[in-house]
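> sequence and predicted structure are below.
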4 protein chains.
Amino acid sequence: MNKKRAVHASVKDERLVNIRRTQMIRGAVALFKEKGFHRTTTREIAQAAGFSIGTLYEYIRTKEDILYLVCDSIYDQVRERLQGMDLEKGTLESLKLGIAYYFNIMNEMQDEVLVMYQEAKSLSKDALPYVLKKEMEMVGMFETLIRRCIENGELIMDDQHIDLLAHNIFVQGQMWGFRRWALKKNYSIEEYIVLQTNLLFKGIAEFEI
Amino acid sequence: MNKKRAVHASVKDERLVNIRRTQMIRGAVALFKEKGFHRTTTREIAQAAGFSIGTLYEYIRTKEDILYLVCDSIYDQVRERLQGMDLEKGTLESLKLGIAYYFNIMNEMQDEVLVMYQEAKSLSKDALPYVLKKEMEMVGMFETLIRRCIENGELIMDDQHIDLLAHNIFVQGQMWGFRRWALKKNYSIEEYIVLQTNLLFKGIAEFEI
Amino acid sequence: MNKKRAVHASVKDERLVNIRRTQMIRGAVALFKEKGFHRTTTREIAQAAGFSIGTLYEYIRTKEDILYLVCDSIYDQVRERLQGMDLEKGTLESLKLGIAYYFNIMNEMQDEVLVMYQEAKSLSKDALPYVLKKEMEMVGMFETLIRRCIENGELIMDDQHIDLLAHNIFVQGQMWGFRRWALKKNYSIEEYIVLQTNLLFKGIAEFEI
Amino acid sequence: MNKKRAVHASVKDERLVNIRRTQMIRGAVALFKEKGFHRTTTREIAQAAGFSIGTLYEYIRTKEDILYLVCDSIYDQVRERLQGMDLEKGTLESLKLGIAYYFNIMNEMQDEVLVMYQEAKSLSKDALPYVLKKEMEMVGMFETLIRRCIENGELIMDDQHIDLLAHNIFVQGQMWGFRRWALKKNYSIEEYIVLQTNLLFKGIAEFEI
DNA sequence: TATGAATGAGTGTTCATTCAT
DNA sequence: CATGAATGAACACTCATTCAT
């Protein structure tokens, strides 16, 4: 189903490949967070992962593979956590809960999301589609959430509004991470969730006198 | 007021400095757009600007200076264009017009905004604040727009909602640029403006049955 | 008599050492032929030989050992095949036959000879003498062939001419291999043998008017 | 006429390019002679040439370019020196002189020829044809020498013999270089010339009793 | 004996920056 | 002021070799 872009490893033992790659990704995320993909050395990544540069290259082919692996892993983690969301209920209340749930995940995975957000563009034309596809899947989850409300007779909304609304929710989740320098000084994540939910649901009009 | 971070130039003739930097920025934007800051070499920038690498370094100290100059220039352009907005009227209609106006600018300056958006993080800890400050100023313009509505008695909204709403508008403008791969296939900028305005003003509740 | 340079093996079972080394040489020749000694990795050789890199190193000490083994083996094969030559007859006719016989072998072992020819120089100062000695032995066979003619009263020739003539024959055999890009388009091996024999025996003078 | 494969240089000043490349080639030949192309480092070449690794790469694109430049330069030197040969006379005597002349050049350029001889095969499929073409041109000079004798009525010889004879002369010249370990202990270059001329002209038959 | 994961010195190459002209 | 040749630190990546299992 989820066809992945395979990253070649010289080492055969798949269990070991997973272990090493996990170490690698953990180290890489920390470094990318700190200095970005381009300013991070493969040697630094190897060191952060706890093995030699030679070993690193037993598990990847190019530096860019690491970035792909990182992005891929972050998406998987996010998606896995999003599985907890109840997509089926189809009430506005469950939509609100879904949003809150998602925003909380974004808050917890702030660093990872920031990394992926800022570095994904460095992926080659080859790897990019795989990452974008995953993003679309996640946007798709919000679309589903909204559509269920419609099917459930709680909402009437055309496709274009649905699509954009889903995008907005998705971006607002990321926004908490990539604009934290501006947002955090004003509100906590809980407040952020409340405020955004207000704006999303009520709209400006609601604030009219 | 607008204290700029000075970028050192060896050349004294200020008029010349401006000319050369303009050439430099134009070339750099095109290149950054195409391959990003890190994959662009100073030589390429010099060539694109129409002078030698030696000359380039008469007008800057480091490669990062160029990035700062580029970001700075893009912000200036955006702000200059935003001056056309009528901040004073204080009606919801003028807020809508302001949003549309801004979104249109973002559409026209798509490439520049994308560049700045993706590369700004590569700025040194030294230069970043200057850029963030400019961003805050722009968000501030939307805040003003909203506050005028309140002062004008068209709206009642607390500071936190105002602040977040301004951020949302600002991000949604940029979003048209950095998510065009997903948005453009579904709607034109005109449609995007209408849809976003709908969502911003009406909120989800409005779509309730 | 034929003191070989010993190549150390960790494995004791000599029969096994021979088996493994034969596999190894076969694989290595094919690879050297294709990409040369330096561009071939030990891993590739191990794989081509059908065992792991670890096993490879149970039978050699360094990569260069493989080259030595390859050269050694090729020489042995050539010499073995040259045993079929009748060195004793001592007639010009048998000299001609010997040359033809040798050229045919060179034609059949073209690839191997080319490999050895081009890569032997990569042998260490340590191993080179062993290989050169074998080459001298082969040249010596032609010398013997010529000397038998002299002893038989068919020829009068001093040592220097004998020595150089033997070298020429030897080199002309190799030449068919290492200059095939130029020679093959003009003649077949049979023609080559006839032509070279003509030139060797008749000399230019014979073509004088 | 002599279309060369262009090797890219970043530096524009053609005079300087020539100077630097001459330094580079001189250094490279010495190193290749000693340790071969593959075992020689670009850094070593730069150092031997008297400049930094960075500078080296201002005048070439890849390490292989150096090898091409070296081969190219050697051929040019050899050919230039061969211009001194009188190709036109058309007597057997002048053919002998030509051979002697060529052998002497090969003796003097022994090291260079050896290098080119052993390393040319490392040239890419891209560069090889250019080098082979030059070699054919040199063989062609001997062909001309022979053909002139024929035209002059001194010789009757068909095309295949002419071609092979020219090749033989060419290879015997190189042979003095690449088999010096075997030849030098037996004779000087002067003796080598006399002996080879004897064998070439008289042929074995002449030594018959 | 056989395996293959681990190692790290070494390699080709790039590129920001300097400075003599 | 303008130029562009020179520099060398730094980087991604390779591969012969080892050694625990």
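Structure's in. What do you need? Numbers count the residues shown, from 1 in each chain, chains lettered A, B, ... in the order given.
> residues touching A:Gln47, list them.
For A:Gln47, the contacting residues are A:Gly27, by C-beta atoms under 8 Å, 6 or more residues apart in numbering or on different chains. In this view, the C-beta of every residue, glycine as well, is placed from N, C-alpha and C.
> which strand or helix spans it?
In this assignment (DSSP states H and E), A:Gln47 forms part of helix A:42-49.
> that helix: which residues count as buried?
Of the residues in helix A:42-49, those buried by neighbour count under the rule 16 or more other C-beta atoms under 10 Å in any protein chain shown are A:Glu44, A:Ile45, A:Ala46, A:Ala48, A:Ala49.
> got it, and stretch A:19-28?
Across stretch A:19-28, burial judged by 16+ other C-beta under 10 Å covers A:Arg20, A:Arg21, A:Gln23, A:Met24, A:Ile25, A:Gly27, A:Ala28.
> determine the set of other helices and strands touching the helix or strand harbouring the second one.
The one in question is A:Arg21. Assessed by DSSP H and E, A:Arg21 sits inside helix A:14-39. Packed against helix A:14-39 by the contact rule (3 or more C-beta pairs under 8 Å, 6 or more residues apart in numbering or on different chains; DSSP states H and E) you find helix A:42-49, helix A:53-59, helix A:63-82, helix A:110-119.
> picking that back up, same list (the buried residues of stretch A:19-28) but as a markdown table, adding pLDDT.
Listed next are those as a markdown table, based on pLDDT from 0 to 100:
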| residue | pLDDT |
| --- | --- |
| A:Arg20 | 98 |
| A:Arg21 | 98 |
| A:Gln23 | 97 |
| A:Met24 | 98 |
| A:Ile25 | 97 |
| A:Gly27 | 97 |
| A:Ala28 | 97 |
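> tell me the contacts of the nearest residue to A:Glu137 once chain neighbours are set aside?
Excluding its sequence neighbours, the residue lying closest to A:Glu137 (C-beta to C-beta, 6 or more residues apart in numbering or on different chains) is A:Arg79, at 7.1 Å. By C-beta under 8 Å, 6+ apart, the residues touching A:Arg79 are A:Lys134, A:Glu137, A:Met138.
> by proximity to chain B, which residue of chain A wins?
A:Gly203 (2.5 Å; C-beta to the nearest C-beta).
> return the residues of chain A in contact with DNA strand F.
Near DNA strand F, the residues belonging to chain A are A:Thr40, A:Thr41, A:Thr42, A:Arg43, A:Ile53, A:Gly54, A:Tyr57, A:Arg61, A:Thr62, A:Lys63, A:Glu64 when assessed by C-beta under 7 Å from any atom of the strand.
> burial of the residue nearest to A:Val7 when sequence neighbours are not counted, as a residue count?
Distance criterion C-beta to C-beta, 6+ apart; nearest residue to A:Val7, sequence neighbours excluded, is A:Asp65 at 4.7 Å. Residues lying near A:Asp65 (other C-beta atoms under 10 Å in any protein chain shown) number 20.
> measure the nearest residue to A:Gln110 once chain neighbours are set aside to A:Ile19 for me?
Using C-beta to C-beta, 6+ apart and skipping residues adjacent in sequence, the residue nearest A:Gln110 is A:Gly177, 4.6 Å away. Distance of A:Gly177 to A:Ile19, given as C-beta to C-beta, to the nearest Å: 28 Å.
> how about A:Lys4?
18 Å.
> then A:Gly84?
Here A:Gly84 is placed at a distance of 26 Å from A:Ile19 (C-beta to C-beta).
> repeat for A:Lys96
40 Å.
> contacts for stretch A:188-195?
Outside stretch A:188-195, the residues within contact range by C-beta under 8 Å, 6+ apart are A:Ile99, A:Ala100, A:Phe103, A:Asn104, A:Asn107, A:Trp176, A:Leu183, A:Tyr187, B:Gln160, B:His161, B:Leu164.
> now, which of those residues sits nearest D:Lys89?
Closest to D:Lys89 out of the contacts of stretch A:188-195 is A:Trp176 (92.4 Å), distances taken as C-beta to C-beta.
> elements contacting the helix or strand of chain A with the lowest mean pLDDT?
When the helices and strands of chain A are scored by mean pLDDT, DSSP states H and E, helix A:110-119 comes last with a mean of 89. Counting by 3+ C-beta pairs under 8 Å, 6+ apart, the packing neighbours recorded for helix A:110-119 are helix A:14-39, helix A:63-82, helix A:159-178.
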